[in-house]
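Engineer: after the sequence you'll find the predicted model.
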2 protein chains.
Amino acid sequence: MVANTPPAAARRDSYTVESLLAVTVEVFNTRGYDGTSMEDLSRAAGISKSSIYHHVRGKEELLRLAVGRALDGLFAILDEPGALEGRPVERLEHVVRRTAEVLLAELPYVTLLLRVRGNTAAEQWALGRRREFDHRVAELVRAAADDGDLRGDVAPRLATRLLFGMINSIVEWYHPVGGPQAGTPGDGDDAADRIVEAVVRLAFGGLRSKG
Amino acid sequence: MVANTPPAAARRDSYTVESLLAVTVEVFNTRGYDGTSMEDLSRAAGISKSSIYHHVRGKEELLRLAVGRALDGLFAILDEPGALEGRPVERLEHVVRRTAEVLLAELPYVTLLLRVRGNTAAEQWALGRRREFDHRVAELVRAAADDGDLRGDVAPRLATRLLFGMINSIVEWYHPVGGPQAGTPGDGDDAADRIVEAVVRLAFGGLRSKG
DNA sequence: AGCGTAACCGAATGATCGGTCGGTACAAGA
DNA sequence: TCTTGTACCGACCGATCATTCGGTTACGCT
């Protein structure tokens, strides 16, 4: 392998692609990708506009890196044991719960992904990968419906879209307390846990009380 | 009433603000507001860039007119008899159904509204009005929960957000056949009806089969 | 026919866009 | 101490942005 790289933090005022990306995604999410200028980014990152080009090839690469990270997190769910073993309805519940969890854990990146419209090449690539994810989930819904475990009066494809529409809508209003860097691994974020539980309960049980 | 205005269609090659708006909203929705140039609009409308300024004050006014139309449609729901009379849970079901219906009837305008981020003054005005609508609905959910008609293990505010997140997500994938001008009043659009029914069933009953 | 005016246009404006360029500061290895 | 390479910068580039301006066209009305 390559020689161990010197720790990036040792160099003074040093930006990683990763840390630059974190700042970038925040700005993209507040002002929109098209509404964000490279000068906006340089101001937010505290370095000059031209310095950004030392780390990445351009604006579009920042977008591609960000949405790629979100997509990697989502696709990893489909390879988890809980998504591969058991009855389809149980595998579906696992995917629903984990999708909500990943969305909350990678909130800024998933937010950006969900707002992509397909204007540039990077955006169309992201849209294609999203479609593939939706397709895989739709198959799971269909399998659960074939088992008779899902209600028969709503088409599986339609149910999939509405279900994930509900999950994805979390990015429209949820903002973790103390900014995005809060919620360290293993600390058990209360608010996020409540949201995940609500999603699973509403998705499978509905709003109406049983009484 | 006012004197009958000479029919706009009588003048040759004449654009109404309304017809210009319809073209504009389509372009805004495909390319995004910030990603749309006035030249994009002029090309789509078939008139020159400067001619657009004869009808409206500028790009931002087009946005304000479009989202205003969507908001008027949504707020009108809250004044309907079905939203004012009966048990809260029944009024809520009426609002849910009608919101989905209005969203489908005014699809391009509501789509644009839901993508507004608050960059310009017009966008912030729209966000404020949206918040007010959400607030009024959240009160209805709380009232239904107080009656014991909604499940007690999900907070009303959270349920409201997820519920309307599901409804609003329709704009992400639904495209009426034959373009936006199809679906004349009273013709009973099959696909749209199925979506509305699915929304109401999933919202109140959930995915899981009763068996 | 002649007037008023709504609808329209091409060309230009300053501002801002994403991106490039030549060069400087500085830490690490020799 | 000298060399090398990373991180960074100010100044600049052509392109594109929303908007403006000075007209021209053609319709409705008298």
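Structural biologist: Sure thing, it's come through. These numbers come from a predicted model, not from an experiment.

Engineer: for the most centrally placed residue in chain A, give me the pLDDT.
Structural biologist: Centre of chain A computed as the mean C-alpha position; nearest residue by Cα atoms, centre = their mean is residue A:110, 2.6 Å away. In this model, residue A:110 is scored at 98, pLDDT.

Engineer: repeat for the one 3 residues further on
Structural biologist: At residue A:113, the pLDDT value in this model is 97.

Engineer: ok, now residue A:167?
Structural biologist: At residue A:167, pLDDT is 98.

Engineer: you'd agree it is up against residue A:95?
Structural biologist: No. The criterion here is Cβ atoms under 8 Å, and residue A:167 misses it with residue A:95 at 10.1 Å. C-beta coordinates here come from the backbone N, C-alpha and C atoms, glycine included.

Engineer: just want the phi and psi numbers for residue A:189.
Structural biologist: Backbone torsions of residue A:189, given as degrees, to the nearest 10, read phi -60, psi 120.

Engineer: whoops, I mixed them up, residue A:118
Structural biologist: phi 100, psi 20.

Engineer: next up, the contacts around it.
Structural biologist: Residues near residue A:118 by Cβ atoms under 8 Å, 6 or more residues apart in numbering or on different chains: A:124, A:127.

Engineer: over to residue A:138?
Structural biologist: Listed by Cβ under 8 Å, 6+ apart, the contact set of residue A:138 reads A:156, A:157, A:160.

Engineer: which helix or strand contains residue A:157?
Structural biologist: Here residue A:157 sits within helix A:156-168, counting by DSSP states H and E.

Engineer: what residues of that helix count as buried?
Structural biologist: A:156, A:158, A:159, A:160, A:161, A:162, A:163, A:164, A:165, A:166, A:167, A:168 (16 or more other Cβ atoms under 10 Å in any protein chain shown).

Engineer: farthest pair in these?
Structural biologist: For those, the farthest-apart pair by Cβ to Cβ is A:156 and A:168; their separation is 18.1 Å.

Engineer: can you put the contacts of residue A:138 in a markdown table and add pLDDT and distance to residue A:33?
Structural biologist: Output for those, formatted as a markdown table (pLDDT from 0 to 100; distance: Cβ to Cβ, whole Å):
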| residue | pLDDT | distance to residue A:33 |
| --- | --- | --- |
| A:156 | 94 | 33 |
| A:157 | 94 | 29 |
| A:160 | 95 | 27 |
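
Engineer: so which of the residues you listed comes closest to residue A:123?
Structural biologist: residue A:160 (22.6 Å).

Engineer: burial check on residue A:50, number of neighbours?
Structural biologist: Residues near residue A:50, counting by other Cβ atoms under 10 Å in any protein chain shown, number 9.

Engineer: distance of residue A:20 from residue B:119?
Structural biologist: 23 Å (Cβ to Cβ, to the nearest Å).

Engineer: to clarify, my last question referred to residue A:38.
Structural biologist: 17 Å.

Engineer: and what of residue A:100?
Structural biologist: 28 Å.

Engineer: between those two, which is the more surrounded one?
Structural biologist: residue A:100 (23 against 17).

Engineer: which helix or which strand is home to that one?
Structural biologist: Using DSSP H and E, residue A:100 falls in helix A:88-105.

Engineer: so does the helix or strand following that helix get close to DNA strand C?
Structural biologist: On the C-terminal side of helix A:88-105, the closest following helix or strand by DSSP H and E is helix A:107-115. No. Helix A:107-115 lies out of reach of DNA strand C by Cβ under 7 Å from any atom of the strand, never closer than 15.0 Å.

Engineer: quick one: the longest helix along chain A to helix A:88-105, angle?
Structural biologist: With DSSP state H setting the assignment, residue counts place helix A:121-146 as the longest helix in chain A. Angle between the axes of helix A:121-146 and helix A:88-105 is 150 degrees (criterion: axes from the mean of the first three to the mean of the last three Cα atoms, to 10 degrees).

Engineer: mind checking how far helix A:121-146 is from the chain centre?
Structural biologist: Distance of helix A:121-146 from the chain centroid (Cα atoms, centre = their mean, to the nearest Å) equals 14 Å.

Engineer: buried residues in it, which are they?
Structural biologist: Buried residues in helix A:121-146 (16+ other Cβ under 10 Å): A:122-123, A:125-126, A:129-130, A:133, A:137-138, A:140-145.

Engineer: give me phi/psi at the residue in chain A positioned nearest to DNA strand D?
Structural biologist: Of all residues in chain A, residue A:50 sits closest to DNA strand D, at 2.7 Å by Cβ to the nearest atom of the strand. Backbone torsions of residue A:50, given as degrees, to the nearest 10, read phi -70, psi -30.

Engineer: give me the phi and psi for residue A:15.
Structural biologist: phi -100, psi 140.

Engineer: ok, it - contacts?
Structural biologist: So residue A:15 contacts A:45, A:47, A:51, A:55 (Cβ under 8 Å, 6+ apart).

Engineer: make it 10 Å
Structural biologist: Taking Cβ atoms under 10 Å, 6 or more residues apart in numbering or on different chains, we find residue A:15 in contact with A:8, A:21, A:23, A:45, A:46, A:47, A:51, A:52, A:54, A:55.

Engineer: any weak-confidence spans in chain A?
Structural biologist: Across chain A, the ranges flagged by pLDDT under 70 are A:1-13, A:179-187, A:211.

Engineer: please report the distance of residue A:17 from residue A:125.
Structural biologist: Residue A:17 is 19 Å from residue A:125, by Cβ to Cβ.

Engineer: repeat that for residue A:20.
Structural biologist: Residue A:20 is 21 Å from residue A:125, by Cβ to Cβ.

Engineer: repeat for residue A:134
Structural biologist: As for residue A:134, its distance to residue A:125 is 15 Å (criterion: Cβ to Cβ).

Engineer: and if you look at residue A:15?
Structural biologist: Shown here: residue A:15 relative to residue A:125, a distance of 25 Å by Cβ to Cβ.

Engineer: is stretch A:32-46 positioned near chain B?
Structural biologist: Yes. On the criterion Cβ under 10 Å from any Cβ of the partner chain, stretch A:32-46 is in touch with chain B at A:32, A:33, A:34, A:35, A:36.

Engineer: ok, stretch A:144-160 next?
Structural biologist: Yes. Using Cβ under 10 Å from any Cβ, stretch A:144-160 comes into contact with chain B via A:144-145, A:147-155, A:157-160.

Engineer: the residue nearest to residue A:21 when sequence neighbours are not counted and DNA strand C: what is the separation?
Structural biologist: Distance criterion Cβ to Cβ, 6 or more residues apart in numbering or on different chains; nearest residue to residue A:21, sequence neighbours excluded, is residue A:65 at 5.6 Å. From residue A:65 across to DNA strand C, the span is 13 Å (Cβ to the nearest atom of the strand, to the nearest Å).
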